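> this is a predicted model, with the sequence first.
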Amino acid sequence: MTNLSVIQLDQLANNIKAWAHSLGFQHVGICDIDLSQHEKALNNWIEKQYHGDMSFFERNQEKRLDPSKLHVGTLRVISVSMNYLPPDASFAKNLKASDHAYVSRYALGRDYHKVIRKKLSQLSRLITENSEAQGFRPFVDSAPVLEHALAEKAGIGWTGKHSLTLNKESGSWFFLGELFINLPLPVDKPIEEACGNCTACISICPTQAIVEPYVVDARKCISYLTIENNGPIPIEYRKAIGNRIYGCDDCQLVCPWNKYATTTDEKDFFARAHIHGKTLLDFFVWDEETFLEKTAGSPIRRIGYFKWKRNLIVAMGNAQDIRGFILQALEQAIIDLADNHSEDEHENTKILEEHLRWAISEHKSRKNLGANRQTLRLARSVERGTPDHA
């Protein structure tokens, strides 16, 4: 048991929030560790296979619902958020340029895991220096932690219908982190849900992955398909993916609360010039060595070169190709794949080849469709006696 009085614990909680703000966190809250109210929803989500191939959700259920079983001695969770919306927020325009690559906003800068974990470690040192607390453990989107549930309980925000945490000042453009602690600090109250009757995020989802309010079927989600999915991208979702090669922001871009989101001062989250605003062909010429070099310190690196190429091929299959350069690149890639593949990469090679053939077929189908339409227009103009020279 702690030797700190109620007054001392209350003062420590206030200090923790001040220290966290000084380290660059925008919101800080403290909650207890009872997450039993989420057990039914979590079990239903898994039973319906909405987690797809993310089998880790099937394990350690008791640790997700009881943080003290994940880190022994935990009595409270300090939940923090850090904004990542960079000053140059002109990303949505890339969605309208089909020959450009769209990368989710959160992945345009440095890997947030490293940035936030470092700051949480600094926060834990400040707490240790000023209290008797010893049992700490930081988490950043890692281990079996229900981070959104904890953020909601700690008053960071409410859960939106897209299942992300929302805050009136930051929208949903922020990362979450947690510090498990062994002191009975005073807890904060959850804030009121403020989505109301809005269903914009549900309507906008390109693949209709938000199957009901607050429930996402990951198997349909573009973020899952381009990042977590290790196999081929299902044909039924390829056109809907458009030019999104890493993640998807549509449900956030349309959210009314994100109109009020403040930008970040954390330069690590500013968009890297060699990733933001590039064309699909700019990325497609990267070999694996270049990919590893250009994505060093970026969350993009975790998907590996195979997924990177697979995602690019799908986007290239969807792109407008007025000059024919994309089709040429795809056809050359088929030849290169046959010449350079190794037996160790046989399965991945087959997947890439199938995606390439699909993308090439998409371009040729559109080309034939355009030619047929032009022929039809000419035929009709001849019938009317007014030749069409368009």
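Sure, I can see it.
> for the chain, which spans come out with low pLDDT?
Applying pLDDT under 70 to the chain picks out residues 1, 89-91, 341-344, 369-390.
> hey, where'd the strands end up in it?
Along the chain, counting by DSSP state E, strands occupy 27-31, 76-83, 102-103, 136-139, 158-159, 165-166, 174-181, 210-212, 215-216, 244-246.
> pipe those into TSV and attach distance to residue 307 per row.
All C-beta atoms are positioned from the backbone trio N, CA, C, and that covers glycine. Shown next, in TSV, are these (distance: least, CB to CB, whole Å):
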stretch	distance to residue 307
strand 27-31	33
strand 76-83	26
strand 102-103	13
strand 136-139	25
strand 158-159	29
strand 165-166	27
strand 174-181	22
strand 210-212	23
strand 215-216	20
strand 244-246	9
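> of those, which approaches residue 7 most closely?
Minimum separation from residue 7 across these (CB to CB) falls at strand 27-31, 16.1 Å.
> pairing partners for that closest one, with directions?
strand 76-83 (antiparallel) (DSSP bridges).
> now for the nearest residue to residue 274 once chain neighbours are set aside, how many residues are close by?
Once flanking residues are discounted, residue 274 sits nearest to residue 294: 5.6 Å by CB to CB, 6 or more residues apart in numbering. Other residues near residue 294 come to 15 when the count uses other CB atoms under 10 Å.
> now do the one 10 residues further on
With neighbours defined by other CB under 10 Å, the count for residue 304 comes to 16.
> run a quick neighbour tally on the closest residue to residue 270 other than its chain neighbours.
With CB to CB, 6+ apart as the criterion, residue 270 has its nearest non-adjacent residue at 4.7 Å, and that residue is residue 86. When counting by other CB under 10 Å, one arrives at 21 neighbours for residue 86.
> got the strands of the chain as CSV, with mean neighbour count and distance to residue 309 columns?
As requested, these are exported to CSV (neighbours: other CB atoms under 10 Å; distance: least, CB to CB, whole Å):
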stretch, mean neighbour count, distance to residue 309
strand 27-31, 23, 38
strand 76-83, 26, 32
strand 102-103, 27, 15
strand 136-139, 22, 32
strand 158-159, 18, 35
strand 165-166, 25, 33
strand 174-181, 25, 27
strand 210-212, 15, 29
strand 215-216, 20, 26
strand 244-246, 27, 10
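> for residue 147, which of the ones you listed is the nearest?
Closest of the strands of the chain to residue 147 is strand 174-181, at 4.7 Å (criterion: CB to CB).
> what's the angle between the closest one and strand 27-31?
Relative orientation of strand 174-181 versus strand 27-31 (axes from the mean of the first three to the mean of the last three CA atoms, to 10 degrees): 40 degrees.
> my guess is the residue nearest to residue 270 meets residue 106, correct?
No. Using CB atoms under 8 Å, residue 86 makes no contact with residue 106, being 10.2 Å away.
> where do the helices sit along the stretch 101-250 of the chain?
Secondary structure of the stretch 101-250 of the chain (DSSP state H, counting those that start in this stretch): helices at 112-129, 147-153, 200-204, 222-223, 235-241, 250-253.
> hang on, the earlier thing: the residue nearest to residue 274 contacts residue 278, doesn't it?
No. Applying CB under 8 Å as the test, residue 294 and residue 278 come out as separate, 10.0 Å apart.
> quick one: the residue nearest to the spatial centre of the chain from residue 29, how far?
Nearest to the geometric centre of the chain sits residue 247, at 5.1 Å (CA atoms, centre = their mean). The gap separating residue 247 from residue 29 is 26 Å, by CB to CB, to the nearest Å.
> contacting residues around the nearest residue to residue 356 once chain neighbours are set aside?
Leaving aside its chain neighbours, residue 356 sits nearest to residue 334 (5.2 Å; criterion: CB to CB, 6+ apart). By CB atoms under 8 Å, 6 or more residues apart in numbering, the contact set of residue 334 is 353, 356, 357, 360.
> all good on my end, thank you.
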